[in-house]
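> Show me the folded form of this:
(chains A and B)
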Amino acid sequence: MAEKKFDLESLKLPPYRSAPYLQQDSLRNRRIGDVCTGYSFQLGSMSYRGVWVSTIEKLELKVDGEEIPEDRIVFCVNGKKFLAPQLRELFAEFWHPLEPAEVLIYQLGGLSEGTHEVDMTVWRRNDFGYTHEFPATPNRDCRTMTLQK
Amino acid sequence: MGNMKHSITYYGFGQKWRDRIYSFEDLFKIAGRLGGDGIELVPVQMVPNYPNPSDAWVDYFKQLCADNNLNPVCYSVYIDNGMHYGRVLTEAERIAWTINDMEFAKRMGFSIVRSQHSLMPETLEKLMPYCEALGIHLAPELHGPHVPSTPVWQEYLELFERKGSAYIGVVPDFSSFNAAPPTTYLNTIPDDVCDKALLLRARDLYEDTDMPEAEIADYVRKNGGTETDLAILDAKLLNARQHFLRHSVDFEGLARLLKWTKYMHGKFYYVDENLESKGIPYPKLIKIVKEAGYTGFIASEYEGSHYDPTLSDEDQIARHIQMLEKLWNEA
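Okay, here's the model as predicted:
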């Protein structure tokens, strides 16, 4: 049998879904009246059972190759807005599996029309486990997204 | 000799529920069609505003059970030791949140609360007065990679023996007795990537013979296996992320737990058209359960979407119930 190219690394991923989580048709500019104050996109749930927001230790984001500082990443969940470095404190906020979270970047003028590469890595701990060690592990999703009207 | 009772856990429909193929109300209709004697709910997954559902939602849930003639049996909760940065839960937190869960379980009509091993035996003992007062059987789950001989389960057994209480016990999950991957273990890999027939024969050798693992790899190599075949064999079988017990399944360990068991997770990944579920030694497990005079529930806990998301969960659960009945009658 001829050898076909296949991503063997994918076999090592957990059987349950953690990535992809970037919601393909969710990239939008944020408009307040006639002013564009930034842009946003949505993240689907990262666990079959939902996650405590406090398990998110770090967000890394590049848009079109440009790194966005963590303290400029606004994470929106349960109708509230938090800065990424605050998330680890939010042990009373539960991100339900059916509710997407939103990442918002304030940037006057927003993004240009067309496609953009969004490269996101969410570092998070498991909610539960079989030892008392809960290291944060990276969940990366990178995709080209089209700015929606 | 008694008879087992069947339970259907909504967790098994989780993938399609999360993808919004099923609504919450659909799950009651499906469970009603499948029959069985009870249902299990994972509230953190499916209950809005968990861990504090509203009174209106509790009433809504009870009405759905009544409308579909379903009996709520098991309320499955977690000990989320990872939720705080830099520390695990304190015992005070484990106690308070478990009492909160038991209160909601009782209000919703459940009689069993399944917890996790990390509740810890000394904490379970402190919760016993609440279990007795609320009429709730509180039982941590024995789940892979733990096996009956894992030290914390010896501590739990000591507690069960010392207390002899019907209000505390264990929920054995068949992942702790999982010998090999299911026959669907290659289904997410495209057909033209590897020699699936060869790798399925390797799976059978792994489960059915004593052939050392290195010789199984040699078998694949000598029968035309490519480097890709060998890499897949390694990742999905010999060094799979999920640890398989192969020939070291602790059947006697299960037998020791049954005295303290009212509910167990019949974990499964695939039941074929002949009502066989290879990988988990169901015939022997059910024989042990029946011989112990078990009268509790066996939940049909479907996790087959991990290996093949195209299979029908409803058909698989129906087959699982049929398989359990067949094995029980043959045991």
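
> going forward, measure contacts between C-alpha atoms and count neighbours the same way
Fine.

> As CSV, could you dump the C-alpha coordinates of the worst-scoring helix or strand of chain B on mean pLDDT?
When each helix and strand of chain B is scored by mean pLDDT, DSSP states H and E, helix B:14-18 comes last, with a mean of 91. What follows is helix B:14-18, C-alpha atoms only, in CSV (Å, rounded to 0.1, in the frame of the first residue of the first chain):
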residue,chain,number,x,y,z
GLY,B,14,-23.4,14.8,24.7
GLN,B,15,-21.8,15.3,21.4
LYS,B,16,-25.0,15.8,19.5
TRP,B,17,-26.5,17.8,22.2
ARG,B,18,-23.5,20.1,22.2
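
> contacting residues around it?
A:Tyr48, A:Pro97, A:Leu98, B:Tyr22, B:Ser23, B:Phe24, B:Ser305 (Cα atoms under 8 Å, 6 or more residues apart in numbering or on different chains).

> what's the closest non-adjacent residue to B:Leu311?
When the adjacent residues along the chain are set aside, B:Leu311 lies closest to B:Ser305, with 7.1 Å between them (Cα to Cα, 6 or more residues apart in numbering or on different chains).

> need the residues of the stretch 201-331 of chain B near chain A, please.
Residues of the stretch 201-331 of chain B lying near chain A by Cα under 8 Å from any Cα of the partner chain: B:Thr226, B:Thr228, B:Ala231, B:Ile232, B:Ala235, B:Lys236, B:Ala240, B:Arg241, B:His306, B:Tyr307.

> ok, the second one touching B:Lys196?
No - if you go by Cα atoms under 8 Å, B:Thr228 and B:Lys196 don't touch, sitting 11.3 Å apart.

> who touches B:Tyr10 in this structure?
By Cα under 8 Å, 6+ apart, the residues touching B:Tyr10 are B:Leu27, B:Ile39, B:Glu40, B:Leu41, B:Val42.

> how close does it sit to B:Arg87?
Distance from B:Tyr10 to B:Arg87, counting by Cα to Cα, to the nearest Å: 31 Å.

> returning to what we had before: just put the residues of the stretch 201-331 of chain B next to chain A in a markdown table and tack on secondary structure.
Listed next are these as a markdown table, based on DSSP: H, G, I helix; E, B strand; the rest coil:
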| residue | secondary structure |
| --- | --- |
| B:Thr226 | coil |
| B:Thr228 | helix |
| B:Ala231 | helix |
| B:Ile232 | helix |
| B:Ala235 | helix |
| B:Lys236 | helix |
| B:Ala240 | coil |
| B:Arg241 | coil |
| B:His306 | helix |
| B:Tyr307 | coil |
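
> show me where the stretch 201-331 of chain B has helices.
Along the stretch 201-331 of chain B, counting by DSSP state H, counting those that start in this stretch, helices occupy B:213-222, B:227-233, B:251-257, B:282-291, B:313-330.

> Generate JSON lines for those helices, with mean neighbour count as supplementary columns.
As requested, the helices of the stretch 201-331 of chain B are exported to JSON lines (neighbours: other Cα atoms under 10 Å in any protein chain shown):
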{"stretch": "helix B:213-222", "mean neighbour count": "15"}
{"stretch": "helix B:227-233", "mean neighbour count": "20"}
{"stretch": "helix B:251-257", "mean neighbour count": "15"}
{"stretch": "helix B:282-291", "mean neighbour count": "18"}
{"stretch": "helix B:313-330", "mean neighbour count": "18"}
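
> number of nearby residues for the residue of the stretch 201-331 of chain B found nearest chain A?
As assessed by Cα to the nearest Cα, chain A sits closest to B:His306 within the stretch 201-331 of chain B, at 5.1 Å. For B:His306, the neighbour count with other Cα atoms under 10 Å in any protein chain shown is 17.

> Quick one, grab the pLDDT at it.
Note on B:His306: pLDDT of 87.

> chain center to stretch B:179-191, what's the gap?
Distance of stretch B:179-191 from its chain centroid, counting by Cα atoms, centre = their mean, to the nearest Å, is 19 Å.

> Count residues in the vicinity of the nearest residue to B:Glu103 once chain neighbours are set aside, would you?
Distances taken as Cα to Cα, 6+ apart put B:Leu134 closest to B:Glu103, at 7.5 Å, once the chain neighbours are dropped. B:Leu134 is flanked by 17 other residues according to other Cα under 10 Å.

> Quick check, B:Leu134 in contact with B:Arg107.
No - with contact defined as Cα under 8 Å, B:Leu134 does not reach B:Arg107; the gap is 9.8 Å.

> Perfect, I'm done here.
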